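Visitor: Okay, structure incoming, though there's no sequence with it:
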């Protein structure tokens, strides 16, 4: 079983313009309960994690070098 992507790109933000920027990469946190409800836990512009509709995002599979760079940028 492969691990789900740790990063997603926002493709819509209706109702959440202050929290999400379209075309921006966000870190995804695994939350099985949220997934069953059609939601995704994402670290948004506030720096905290919140639940958003899963269809607001597209998963990204990035090379390890990109993952390391994004981790450094966000911490």
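Guide: Looks like it came in fine. As the structure is a computational prediction, the values presented were derived from the model and not from experiment.

Visitor: could you give the mean pLDDT of the lengthiest helix in the chain?
Guide: The helix spanning the most residues in the chain, taking DSSP state H as the definition, is helix 64-74. Taken as a whole, helix 64-74 has an average pLDDT of 73.

Visitor: mind checking how far it is from the chain centre?
Guide: 14 Å (C-alpha atoms, centre = their mean, to the nearest Å).

Visitor: Please enumerate residues in contact with it?
Guide: 6, 7, 25, 27, 43, 62 (C-beta atoms under 8 Å, 6 or more residues apart in numbering). (Glycine included, C-beta is placed from N, CA and C.)

Visitor: With stretch 21-29 instead?
Guide: The contact list for stretch 21-29, computed with C-beta under 8 Å, 6+ apart, reads 4-13, 20, 40-45, 49, 57, 59-60, 70, 74.

Visitor: Throw together a PyMOL command that grabs the buried residues out of the residues you listed.
Guide: Remark: buried members of these, expressed as a PyMOL selection using 16 or more other C-beta atoms under 10 Å:
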select buried, resi 6+7+8+10+13+20+40+41+42+44+49+57+60+70
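
Visitor: So which of the contacts of stretch 21-29 belong to strands?
Guide: Within the contacts of stretch 21-29, residues falling in strands by DSSP state E are 7, 8, 9, 10, 40, 41, 42, 43, 49, 57, 59, 60.

Visitor: Residue 32: which of those is nearest?
Guide: Closest approach to residue 32 among those (C-beta to C-beta): residue 41, at 10.1 Å.

Visitor: Quick check: that closest one touching residue 31?
Guide: Yes - using C-beta atoms under 8 Å, residue 41 is in contact with residue 31, at 4.1 Å.

Visitor: any shared contact partners between these two?
Guide: Common neighbours of residue 41 and residue 31 (C-beta under 8 Å, 6+ apart) are residue 51.
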